[in-house]
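>>> My questions are about this predicted structure, shown below with the sequence.
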Amino acid sequence: MSKLSALAVVAILSFVEAKHCTDITIPVTLNARNGVFNLPPLTDHIAVTKFAQDYLRRGQNYTAAVLQGYTTITDEYNIAATACRPDHSTQNYNTWQFLTHGIGFDRGYWDLAFESSKYSYVDVAVDQYGYSTLAIDRLGIGESSQADPTNVIQAPAELSAIYEVSKMLRAASLPDLDISEPSHVIHVGHSFGSILTYELAAAHPNITDGLILQGFSVDSSSLPQTVAGFDIQAASSQLLRWFTHIPAGYFTWANIGANQFAFLAPPYYDPLVGEYTEHTKQPFTSGEILTLASQPSSAPDFTGPVLVLTGNEDEIFCGGNCSATNGQGASIPAGAAAVFPKASTFEAYIQPNCGHAVNVHYNATGAYDVMNSFLIAHGF
């Protein structure tokens, strides 16, 4: 057994969980206006690299160039999720945190199966603060339904899935879960999960009572260098362990170096955690890349509290320096205040000694305390 595997097994077996967790499968019927894209077959490394070159070409909007029109997606898919509750009734027992992961991860981002006592957000939220949590695998990722990676697994379809699951949670109608109607539902995202959470508040402001956006800003200027740093590969070349057949159009980044460039800030993480995230990485899709920029200009009617928490060396949303202002306010994350004009409160917090994947850095639990303390402070 490798050193990494042995440590992971010891960590998993030695930690005694107090929380009670249930894995569930949630059927959802989507209602999403997706783009129809005309891409050449992404069947080999030449075609995949050409996709990246075209997407990054200066002066060209590649999404617009390959967009053929729109279609409404109304099919039924399954969303895999894990619901966790405290082992006894607490003041916050009936407040739920809806957790949405970002690109390269699945719902395990929130309950890392590597020395979970140091890295599990769910352990802190449930066992220490007494909240209930629902962590999903985004549509097309993890144990959720896979689908066409170009014309189905896009931001609008994933947003629709989140909205449908949120409605069921609020109505206490999730399958195989005996719960009462929540007193509050807080939506918590990371990275692309934060983008989708922001879009949820913009499109459906009454479905959520508050937002925590981890690894987020509204500055997209570093996205091209992030995509270039990924050195995009066909997922089928690396991730055959994921499922038997990976359709063309599912991508991954090249290696641990690309992983570090986008997500990690040395020396502020355990290299074994970096190896673990590389070993367990999840794919992303051509449709996601093409619709990353299709964000609303604001969430004009959302009136709940908002916390943006971003690592100080976040490469994707801050170009590696979140304390820079870029003329947007006190910091790059603080610039997101402008898109929440009616929020009851807005706070931006820069997590020190941290990269984009906050939950895998040494001081992750410090960030978790900031996130949950924010909820306590605002009445949840």
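Looks like it arrived, so ask away.
>>> Pull the number of nearby residues for Ser120.
Residues lying near Ser120 (other CB atoms under 10 Å) number 26. From N, CA and C alone the C-beta is placed, and that goes for glycine too.
>>> From Tyr77, how far out is the closest residue to it other than its chain neighbours?
Counting by CB to CB, 6 or more residues apart in numbering, Ser120 lies nearest to Asp111, which is 4.9 Å off, once chain neighbours are set aside. Distance, Asp111 to Tyr77, using CB to CB, to the nearest Å: 23 Å.
>>> Put the alpha carbons of stretch 103-114 into PDB.
Provided in PDB are the C-alpha atoms of stretch 103-114 (Å, rounded to 0.1, in the frame of the first residue of the first chain):
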ATOM      1  CA  ILE A 103     -14.900  22.100 -10.700                       C
ATOM      2  CA  GLY A 104     -12.500  19.200 -10.100                       C
ATOM      3  CA  PHE A 105     -14.300  18.000  -7.000                       C
ATOM      4  CA  ASP A 106     -17.500  16.100  -6.000                       C
ATOM      5  CA  ARG A 107     -19.500  16.400  -2.800                       C
ATOM      6  CA  GLY A 108     -16.600  15.000  -0.900                       C
ATOM      7  CA  TYR A 109     -15.000  18.400  -1.000                       C
ATOM      8  CA  TRP A 110     -17.100  19.300   2.000                       C
ATOM      9  CA  ASP A 111     -16.400  16.100   3.900                       C
ATOM     10  CA  LEU A 112     -12.900  15.200   2.800                       C
ATOM     11  CA  ALA A 113     -12.000  11.500   3.300                       C
ATOM     12  CA  PHE A 114      -8.400  12.400   4.200                       C
END
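>>> Which stretches in the protein count as strands?
Assigned strands in the chain, in chain order: 20-29, 32-37, 67-73, 76-85, 95-100, 132-136, 184-190, 210-214, 233-234, 250-252, 284-285, 305-311, 345-351 (criterion: DSSP state E).
>>> As a markdown table, those strands with mean neighbour count, mean pLDDT and distance to Ala299 would be great.
Converted to a markdown table, the strands of the chain look like this (neighbours: other CB atoms under 10 Å; pLDDT from 0 to 100; distance: least, CB to CB, whole Å):
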| stretch | mean neighbour count | mean pLDDT | distance to Ala299 |
| --- | --- | --- | --- |
| strand 20-29 | 15 | 97 | 22 |
| strand 32-37 | 18 | 97 | 18 |
| strand 67-73 | 12 | 97 | 22 |
| strand 76-85 | 20 | 98 | 23 |
| strand 95-100 | 26 | 98 | 16 |
| strand 132-136 | 27 | 98 | 21 |
| strand 184-190 | 25 | 98 | 11 |
| strand 210-214 | 27 | 98 | 9 |
| strand 233-234 | 22 | 93 | 35 |
| strand 250-252 | 27 | 95 | 29 |
| strand 284-285 | 26 | 96 | 24 |
| strand 305-311 | 27 | 98 | 9 |
| strand 345-351 | 19 | 97 | 11 |
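>>> Compare these and give me the one nearest Thr226.
Of all these, it is strand 284-285 that lies closest to Thr226, at 11.7 Å by CB to CB.
>>> What pairs with the closest one, parallel or antiparallel?
strand 250-252 (antiparallel) (DSSP bridges).
>>> count of residues packed around the closest residue to Pro40 other than its chain neighbours?
Distances taken as CB to CB, 6+ apart place Ala47 nearest to Pro40, at 6.1 Å, with adjacent residues excluded. When neighbours are defined as other CB under 10 Å, Ala47 has 15 of them.
>>> List the buried residues for the longest helix belonging to the chain?
Counting residues, the longest helix in the chain under DSSP state H turns out to be helix 155-170. For helix 155-170, a neighbour-count test (16 or more other CB atoms under 10 Å) marks 155-166, 168-170 as buried.
>>> Just give me how far it sits from the chain centre.
Distance, stretch centre to chain centre, for helix 155-170: 14 Å (CA atoms, centre = their mean, to the nearest Å).
>>> and the angle for that helix with strand 184-190?
Between the axes of helix 155-170 and strand 184-190, defined by axes from the mean of the first three to the mean of the last three CA atoms, to 10 degrees, the angle is 150 degrees.
>>> I'd like the average pLDDT over helix 155-170.
For helix 155-170, mean pLDDT rounds to 98.
>>> Repeat that for stretch 331-344.
96.
>>> neighbouring contacts of it?
The contact list for stretch 331-344, computed with CB atoms under 8 Å, 6 or more residues apart in numbering, reads 198, 201, 213, 216-219, 296-306, 308-310, 317-318, 321-326, 328-329, 346, 348-350, 378.
>>> switch to 7 Å and redo it
216-219, 298-306, 308, 310, 317-318, 322-326, 328-329, 346, 348, 350 (CB atoms under 7 Å, 6 or more residues apart in numbering).
>>> In it, which residues are buried?
Buried-residue list, stretch 331-344, by 16+ other CB under 10 Å: 331-337, 339-340, 343.
>>> Any stretches of the protein with poor pLDDT?
Along the chain, the model assigns pLDDT under 70 to residues 1-17, 239-244, 326-329.
>>> Go again with 50.
Where the chain drops to pLDDT under 50, the residues are 1-16.
>>> quick one: the helices in the chain?
Along the chain, the segments classed as helices by DSSP H run 3-14, 45-56, 62-66, 116-119, 121-122, 155-170, 192-203, 223-230, 256-263, 271-279, 286-291, 315-318, 364-377.
>>> Tell me which of those approaches His88 most closely.
Of all the helices of the chain, helix 121-122 comes closest under CB to CB, at 16.5 Å.
>>> which residues sit against that closest one?
Helix 121-122 is contacted from outside by 19, 84, 110-111, 133, 135, 359, 368, using CB under 7 Å, 6+ apart.
>>> next one: stretch 372-380
95, 124-125, 129, 184, 186, 210, 212, 305, 307, 345, 347.
>>> how about a markdown table for those, with distance to Phe263 added?
Converted to a markdown table, these look like this (distance: CB to CB, whole Å):
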| residue | distance to Phe263 |
| --- | --- |
| Thr95 | 29 |
| Val124 | 20 |
| Ala125 | 22 |
| Tyr129 | 26 |
| His184 | 30 |
| Ile186 | 24 |
| Gly210 | 26 |
| Ile212 | 19 |
| Pro305 | 27 |
| Leu307 | 21 |
| Thr345 | 29 |
| Glu347 | 24 |
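>>> Thank you, goodbye.
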